[in-house]
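Chemist: quick one, fold the following:
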Amino acid sequence: FRMVAVGNLRSIKNYIGMLNIVKQAKERGLEISLDIYGEGNQREILEEIIVRNDLCNDVYLKGHVLNIYDILPMYDCYLMTSFQEGFPNALSEAMASGLPCVAYKCHDGFSELIRDGYDGYLITSGEEQKFVDRIENLYTDRELRRYIGQNAIEISSRYSVDRVLAIWEQCIQDAINIHNGLHTKN
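Modeler: Numbers count the residues shown, from 1 in each chain. Sure thing, here's the model as predicted:
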């Protein structure tokens, strides 16, 4: 069962927590691996934790890549344990690739991206046992993995360029209308 994460190796991404989650999943007997794509100032710390927790045959820091769309389909699940995110591009790309995702809900906007139990799983930050439970659900149930992965692909249409541009155009038009309405009153 191959899992993947993508992002800068910085403390805000909480890869230390992710490694702890992988360790707990391994302790449950799950035969899993995790590839992390990205570079950053936490590389050495993460390498030390991987060695200390005997995860050298399970977790791999793959470095920076340019062809993530070609790589994502090789995996079974996407993980995200960030403490904070803006719009999570990597998460959206994983969903668009048909990967079921397990992510910490680091802000309320994530509920618009991931509809919990339908196209991924949202976990309250810090609930590591629940995070491991969701990985285990996907690990043991191939049909669930397929169902959630298929639903995740819908993000491509929900956030297509045309749809996002239409939303922006409407926002700009609303702002113009408000400005003109306020301006004419002065």
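Chemist: any low-confidence regions in the chain?
Modeler: 155-168, 182-186 (pLDDT under 70).
Chemist: can you give me the strands for it?
Modeler: Counting by DSSP state E, one finds strands in the chain at the ranges 2-6, 33-37, 59-63, 77-80, 101-105, 121-124.
Chemist: got the CA positions of the fourth one in PDB?
Modeler: Provided in PDB are the C-alpha atoms of strand 77-80 (Å, rounded to 0.1, in the frame of the first residue of the first chain):
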ATOM      1  CA  CYS A  77      -3.400   7.200  -1.000                       C
ATOM      2  CA  TYR A  78      -2.300  10.800  -0.400                       C
ATOM      3  CA  LEU A  79      -1.600  12.200   3.100                       C
ATOM      4  CA  MET A  80      -1.500  15.800   4.300                       C
END
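Chemist: buried residues, that strand. List them.
Modeler: For strand 77-80, burial by neighbour count (16 or more other C-beta atoms under 10 Å) applies to 77, 78, 79, 80. Just so you know, the C-beta spots here come from the backbone N, C-alpha and C atoms, and that holds for glycine as well.
Chemist: where do the helices of the protein begin and end?
Modeler: Along the chain, counting by DSSP state H, helices occupy 15-27, 43-52, 68-71, 89-96, 110-113, 128-140, 142-152, 155-158, 161-185.
Chemist: any idea which of those helices gets closest to residue 37?
Modeler: Of all the helices of the chain, helix 68-71 sits nearest to residue 37, with 6.6 Å by C-beta to C-beta.
Chemist: next one: phi and psi at residue 55?
Modeler: The phi/psi pair for residue 55 (degrees, to the nearest 10) reads phi -110, psi 10.
Chemist: picking up where we left off before, pipe the strands of the chain into CSV and attach distance to residue 22 per row.
Modeler: Compiled in CSV, those are given as follows (distance: least, C-beta to C-beta, whole Å):
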stretch, distance to residue 22
strand 2-6, 8
strand 33-37, 5
strand 59-63, 6
strand 77-80, 8
strand 101-105, 12
strand 121-124, 15
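Chemist: minimum distance to residue 93: which of the ones you listed has it?
Modeler: For the strands of the chain, the distance to residue 93 is smallest for strand 2-6, at 7.6 Å, taking C-beta to C-beta.
Chemist: what angle do the closest one and strand 59-63 make?
Modeler: Put simply, strand 2-6 runs at 40 degrees to strand 59-63, going by axes from the mean of the first three to the mean of the last three C-alpha atoms, to 10 degrees.
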